[in-house]
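*Asks:* need the 3D shape of this:
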Amino acid sequence: MPELIDRYARIALPYLDDFPPNSCIEQTRLLRECLGRFGAAVTPIETHLTVLCLGLKVMYEAPEHVVALIEIEGEYFLTDAALSQASVHDRGLVIERNVQTVGPLPVRLRADHVVAATGHLKNGLEVKVSWRVKGTRSFETTPAWEPSHLWLLIRQIVREMERAESVADGAGVRVGA
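*Replies:* Residues are numbered from 1 along each chain as shown. Coordinates of the predicted model:
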């Protein structure tokens, strides 16, 4: 995973706990605004999300799920900041809050492309996840896409990302000898 996405994930994750389960639009907007401040091209895309855990005989589907396609240095990454919303707690499918990134992808995603990933729950059971790109952008007309309620949080995360970047840039530098 590129360092910029990793840095966002480390810093934003505690803040993402405050979002309600069905907030993929807001979380993608937050990701877009924060990474955009560092020059990353972030394109929100609407997908059909499917999560399957054969060990639990559970499938979760979200026909309209928003994720980000991030371009960094000519490579594309699909990033889902709200995958934990696919949890089905009463059936044992508990996906930990994370910022799931898949890539680099072989092509820039277009309608009907499918990105698939496999992971494991804390109990070791395998989970298969797929995002099918829909090519629609209906989320842009929802109140959740309007970022005015996110500006303070965006500024806070960007500040922390800048601090983390400057600390990383200064690591290993010795003054005097």
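*Asks:* for residue 26, helix, strand, or coil?
*Replies:* In three-state terms, and counting by DSSP: H, G, I helix; E, B strand; the rest coil, residue 26 is helix.
*Asks:* what residues are up against residue 31?
*Replies:* Residues in contact with residue 31 (Cβ atoms under 8 Å, 6 or more residues apart in numbering) are 8, 12, 42, 68, 79, 81, 99. For glycine as for every other residue, the C-beta is placed from the backbone atoms N, C-alpha and C.
*Asks:* any buried residues in stretch 102-113, and which?
*Replies:* Applying a neighbour-count criterion of 16 or more other Cβ atoms under 10 Å, one finds 102-103, 109, 113 buried in stretch 102-113.
*Asks:* repeat that for stretch 37-46.
*Replies:* Neighbour counts over stretch 37-46 (16+ other Cβ under 10 Å) mark 40, 42, 44-46 as buried.
*Asks:* for these, which one is nearest residue 160?
*Replies:* residue 40 (16.4 Å; Cβ to Cβ).
*Asks:* now tell me what touches the helix of greatest length in the chain from outside.
*Replies:* Secondary structure of the chain per DSSP state H: the longest helix is helix 151-170. With contact meaning Cβ under 8 Å, 6+ apart, helix 151-170 is reached by 3, 7-8, 10-12, 15, 30, 33-34, 37-38, 147.
*Asks:* one more time with 10 Å
*Replies:* Outside helix 151-170, the residues within contact range by Cβ atoms under 10 Å, 6 or more residues apart in numbering are 3-4, 7-8, 10-12, 15-16, 18-19, 26, 29-38, 147, 150.
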